[in-house]
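Asker: Got a predicted structure plus its sequence, pasted below:
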Amino acid sequence: MERQGEEVHINTEDARSGENSNVVRYVLTIGLVLAILALSAIWISGALSAPQGERNGVVSNQATPQ
């Protein structure tokens, strides 16, 4: 950091107050992928274990044809 009159000039690393690494980006990406995989597994296992109705039977909550 240096002063030039009333102006203060700060280099990029001091202004950011830290290092410029991609660790946060990797953590967020891995977390997002794991969340998608977990929710997909829950959804697929629920769909596979759900009882399946007859394909040619009467559909519930509909009026019968006359």
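Answerer: In hand now; what should we look at?
Asker: So which residue is dead centre in this protein?
Answerer: Taking Cα atoms, centre = their mean, the centroid of the chain lies closest to Leu32, which sits 4.2 Å from it.
Asker: Dump stretch 14-30 to CSV, restricted to CA.
Answerer: Coordinates of each C-alpha in stretch 14-30 appear next as CSV, following Å, rounded to 0.1, in the frame of the first residue of the first chain:
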residue,chain,number,x,y,z
ASP,A,14,-4.1,-6.7,-0.3
ALA,A,15,-7.4,-5.4,-1.7
ARG,A,16,-8.8,-9.0,-1.9
SER,A,17,-7.6,-9.7,1.6
GLY,A,18,-6.7,-13.3,0.8
GLU,A,19,-5.4,-15.7,-1.8
ASN,A,20,-6.9,-16.3,-5.2
SER,A,21,-7.5,-20.0,-5.2
ASN,A,22,-10.4,-22.1,-6.6
VAL,A,23,-11.0,-24.1,-3.5
VAL,A,24,-14.5,-22.6,-2.8
ARG,A,25,-15.5,-23.3,-6.4
TYR,A,26,-14.5,-27.0,-6.1
VAL,A,27,-16.3,-27.4,-2.8
LEU,A,28,-19.5,-25.9,-4.2
THR,A,29,-19.3,-28.0,-7.4
ILE,A,30,-18.7,-31.2,-5.4
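Asker: how about that stretch: buried residues?
Answerer: Buried residues in stretch 14-30, counted by 16 or more other Cβ atoms under 10 Å: none are found. C-beta: built from backbone N, CA, C; applies to glycine.
Asker: Run the chain-centre distance for the host helix or strand of the residue nearest to the centre of the chain.
Answerer: Assigned by DSSP states H and E, Leu32 belongs to helix 23-49. Centroid separation for helix 23-49 versus its chain: 8 Å, with Cα atoms, centre = their mean, to the nearest Å.
Asker: And stretch 15-28, by the same measure?
Answerer: 19 Å.
Asker: mean confidence score for it?
Answerer: Mean pLDDT, computed over stretch 15-28, is 80.
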